[in-house]
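Chemist: Sequence and predicted structure below; questions after.
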There are 2 protein chains.
Amino acid sequence: MPATDPRPDTPANPGAPAPDTAAPYTATPDTTDPGAPATPTRPHTGRRRNEAAHQAILDAALRLLATSDGTPVTIDAIARTAGVGKQTVYRWWPSKGAVLLDALTDRADQDVPGADTGTLRSDLRAFVATTFDGAQRGPTAPALRTLVREAARDPHLADLMQSFTATRRTALRELLARGRERGELAEDTDLDLVVDQVYGVFWYRFLLGHAPLDGTVADRLTRSLLDGNGR
Amino acid sequence: MPATDPRPDTPANPGAPAPDTAAPYTATPDTTDPGAPATPTRPHTGRRRNEAAHQAILDAALRLLATSDGTPVTIDAIARTAGVGKQTVYRWWPSKGAVLLDALTDRADQDVPGADTGTLRSDLRAFVATTFDGAQRGPTAPALRTLVREAARDPHLADLMQSFTATRRTALRELLARGRERGELAEDTDLDLVVDQVYGVFWYRFLLGHAPLDGTVADRLTRSLLDGNGR
DNA sequence: GGTTGTCGAGACTGTTAGTCTTGTCAAGGG
DNA sequence: CCCTTGACAAGACTAACAGTCTCGACAACC
């Protein structure tokens, strides 16, 4: 995504054919440039960026990320799988982590569930359930787990991930603030703590995998947050 | 608890070169184990283990762990700091992670707060506050953070850490079960979920450091868990 | 004195992130 | 038509680091 892409001109052409294997993608496919670039700051000299290679790298990264059994994904493997030189990867991304995160966000549905269903309880329940579900569907789960593992050692990636997750944290916080304004939460509720209870449980179970993260748990967590467990 | 180092001159314990001290993972220096492990098959020949080196390694590891600014602690650095050969480290610990965890647990007060103060609320409050406090006092915090970062890439260490934390998880669960039997928790309470809410928040905030983990938060979390936030 | 096993020191292997080099190829500009 | 510019694949290279292996010395016991 643009956040990690140092290039000023984004082709904005997401419908790339997405080569499935290590096919060398025929370096003469495009482009005649559909539509003039938005800001032609400079007439641009030299060979143009190979968009097919760009996508091939992201695809390869995501595929490796998804099938990695816990072992770290290497840049060499990504480049080889994409049929691309290593330098081509480093020309467009500053670090391995940036490639990985970009690969994940390139495909992950970016819909942050913040719908207003009328009551805090159902809003919260939906948010939690969607979060739990979304992280475990498709190739997302192993990819995300690998990504976090990499982030533990790569401060650059850790930063990127934090701003990535901040979006969702904010959405949840606003959902809660809405409920508090409606009087569905005690006025002295520490919203940040509630947010951290949700995401704390989520990441804790997601990463350790010692307990489920399903609809039942989403229900119980919602109830616990709103009603407590005492009596 | 550590050391005990009976001077080698008086082998009250004839064989078994020192796995009786702090060494849960038992590097098994010799013996090829298929025989009876408890009985010393041989009266021990050869030079004895240098207990000073053992402690020097643990001390060096803890010091590096505590002063590490996020960068991983290397075995070379530990050995050099301890004035010890690298092989001496690997003779007694199976991996870097094992050394690090041992260094931490060697010093960390192992008191798991499970005292029965009479009411679930105060038990829980004390447990949470002690957990929050204990992790942030002294050299523990940076060491623990580094350890988790290492564990993210080292499955062996991840295992060790999981059994290390299991003790505390169990203590908390029993504390909750006691309260439930007393009727202070709803009978259908999902104890594991409550445990994960506590430790989820703890680790989440501890590792990300985006929000405090102090007495006030401990109070609020306890209240949230027991009474909920809704109204 | 002989055997055994530890010691410090450090060379060595294998892996990986990231850089640099080389020869090539596409897109302009003159 | 050639020349400059910059992307490209391939792969050599550097720098870390975990973990292994070897060596000569040394200590404890027979």
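Modeler: Perfect, I can see it now.
Chemist: how about the residue in chain A that DNA strand D sits nearest to, secondary structure?
Modeler: With Cβ to the nearest atom of the strand, the shortest gap between chain A and DNA strand D falls at A:Gly46, namely 2.2 Å. Using the backbone N, CA and C atoms, a C-beta is placed for each residue, glycine as well. Secondary structure for A:Gly46, judged by DSSP: H, G, I helix; E, B strand; the rest coil, is coil.
Chemist: What is the burial count for it?
Modeler: A:Gly46 has 5 neighbouring residues, counting by other Cβ atoms under 10 Å in any protein chain shown.
Chemist: and it, what pLDDT?
Modeler: If you check A:Gly46, the pLDDT there is 82.
Chemist: again, but for A:Arg220
Modeler: Note on A:Arg220: pLDDT of 98.
Chemist: what's the closest non-adjacent residue to it?
Modeler: Leaving aside its sequence neighbours, A:Arg220 sits nearest to B:Asp190 (Cβ to Cβ, 6 or more residues apart in numbering or on different chains; 5.1 Å).
Chemist: which ones are touching that neighbour?
Modeler: Applying Cβ atoms under 8 Å, 6 or more residues apart in numbering or on different chains to B:Asp190 gives the contacts A:217, A:220, A:224.
Chemist: mind running it again at 10 Å?
Modeler: A:211, A:216-217, A:219-221, A:223-224, A:229, B:196-197 (Cβ atoms under 10 Å, 6 or more residues apart in numbering or on different chains).
Chemist: Which members of those residues are positioned in helices?
Modeler: Applying DSSP state H to those, the entries found in helices are A:216-217, A:219-221, A:223-224, B:196-197.
Chemist: Which one of the residues you listed is nearest to A:Val112?
Modeler: Nearest to A:Val112 among the ones in helices among the contacts of B:Asp190: A:Leu221, at 18.3 Å, using Cβ to Cβ.
Chemist: Quick check: the gap between the closest one and A:Arg125.
Modeler: Using Cβ to Cβ, to the nearest Å, A:Leu221 is found at 9 Å from A:Arg125.
Chemist: surely A:Gln87 meets A:Ala79?
Modeler: Yes - taking contacts as Cβ atoms under 10 Å, A:Gln87 lies within contact range of A:Ala79: 8.7 Å.
Chemist: more crowded one of those two?
Modeler: Counted by other Cβ under 10 Å, A:Gln87 and A:Ala79 do not tie: A:Ala79 has more neighbours, with 21 against 8.
Chemist: can you give me phi and psi for the more buried one?
Modeler: phi -60, psi -40 (degrees, to the nearest 10).
Chemist: One more: A:Gly228?
Modeler: phi 80, psi 180.
Chemist: got the contact list for the residue of chain A closest to DNA strand D?
Modeler: A:Gly46 neighbours (Cβ under 10 Å, 6+ apart): none.
Chemist: tell me which of the ones in helices among the contacts of B:Asp190 is nearest to DNA strand C?
Modeler: Nearest member of the ones in helices among the contacts of B:Asp190 to DNA strand C, counting by Cβ to the nearest atom of the strand, is B:Asp196, at 31.3 Å.
Chemist: can you count the residues close to the closest one?
Modeler: Neighbourhood size, B:Asp196 [other Cβ under 10 Å]: 24.
Chemist: before we move on, back to that, I'd like to know which of the contacts of B:Asp190 are buried.
Modeler: A:217, A:220-221, A:223-224, A:229, B:196-197 (16 or more other Cβ atoms under 10 Å in any protein chain shown).
Chemist: about what we covered before: so can I have a markdown table of the ones in helices among the contacts of B:Asp190 showing distance to A:Gly70?
Modeler: Listed next are the ones in helices among the contacts of B:Asp190 as a markdown table, based on distance: Cβ to Cβ, whole Å:
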| residue | distance to A:Gly70 |
| --- | --- |
| A:Thr216 | 27 |
| A:Val217 | 24 |
| A:Asp219 | 30 |
| A:Arg220 | 29 |
| A:Leu221 | 27 |
| A:Arg223 | 34 |
| A:Ser224 | 31 |
| B:Asp196 | 22 |
| B:Gln197 | 26 |
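Chemist: Need those residues in JSON lines (columns: distance to DNA strand D).
Modeler: Listed next are these as JSON lines, based on distance: Cβ to the nearest atom of the strand, whole Å:
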{"residue": "A:Thr216", "distance to DNA strand D": "39"}
{"residue": "A:Val217", "distance to DNA strand D": "35"}
{"residue": "A:Asp219", "distance to DNA strand D": "42"}
{"residue": "A:Arg220", "distance to DNA strand D": "39"}
{"residue": "A:Leu221", "distance to DNA strand D": "37"}
{"residue": "A:Arg223", "distance to DNA strand D": "44"}
{"residue": "A:Ser224", "distance to DNA strand D": "40"}
{"residue": "B:Asp196", "distance to DNA strand D": "29"}
{"residue": "B:Gln197", "distance to DNA strand D": "34"}
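Chemist: and which of those residues is nearest to B:Leu64?
Modeler: B:Asp196 (31.6 Å).
Chemist: close enough to count as contact, A:Val89 and A:Val99?
Modeler: Yes - applying Cβ under 10 Å, one finds A:Val89 in contact with A:Val99, separated by 6.3 Å.
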